[in-house]
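*Asks:* Output the structure for:
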Amino acid sequence: MASGSVLAVVKFRDGQRQKICVKVENNLTSLINGINELNINVSRLLSEMVDQEKAGEHCAEGEEDYDSSEDQDPEDPKISKQPPAKRSKTSNL
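*Replies:* Next comes the predicted model:
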């Protein structure tokens, strides 16, 4: 029976890539188990990255943190709090 693999590629902020590969057999159960294992591996990798960044925030000095609230300025004139204007129907005669 032929075997295959499922592959995930994680691209980091610095542009580096890491491939995560799980071998699977040529049946649906194996594919589902492989995808679940891949999901666990990617989640573990991302959790480790988040922990490293959190630890780095406490040690780093002089670096500006990204503030997501800057993207959500409630007084931004470009953002309309009103629904869009209704369009009138035109007849095609």
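
*Asks:* Might you report the residue contacts of G4?
*Replies:* Going by C-beta atoms under 8 Å, 6 or more residues apart in numbering, G4 touches 23-26. In short, each C-beta sits where N, CA and C put it, glycine included.

*Asks:* most surrounded residue in these?
*Replies:* Within the contacts of G4, most neighbours by other C-beta atoms under 10 Å means V24, with 20 neighbours.

*Asks:* hang on, the earlier thing: of the contacts of G4, which belong to helices?
*Replies:* With helices defined by DSSP state H, no entry of the contacts of G4 lies inside them.

*Asks:* how far away is R13 from Q52?
*Replies:* Computed as C-beta to C-beta, to the nearest Å, the R13 to Q52 distance reads 12 Å.

*Asks:* between the two, which one's more packed in?
*Replies:* A count of neighbours by other C-beta under 10 Å puts Q52 above the other of R13 and Q52, at 10 against 7.

*Asks:* Now do the SS call for the more buried one.
*Replies:* helix (DSSP: H, G, I helix; E, B strand; the rest coil).

*Asks:* do K89 as well
*Replies:* Under three-state DSSP, K89 comes out as coil.

*Asks:* Quick one: the contacts of G4 as CSV, columns for distance to L46 and pLDDT too.
*Replies:* CSV is the format used below for those (distance: C-beta to C-beta, whole Å; pLDDT from 0 to 100):
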residue, distance to L46, pLDDT
K23, 22, 94
V24, 22, 93
E25, 27, 93
N26, 29, 91
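
*Asks:* In strands only, show me these.
*Replies:* Among the contacts of G4, the members found in strands (DSSP state E) are 23-25.

*Asks:* can you list the weak-confidence ranges in this protein?
*Replies:* Along the chain, the parts satisfying pLDDT under 70 run over 1-2, 58-86, 91-93.
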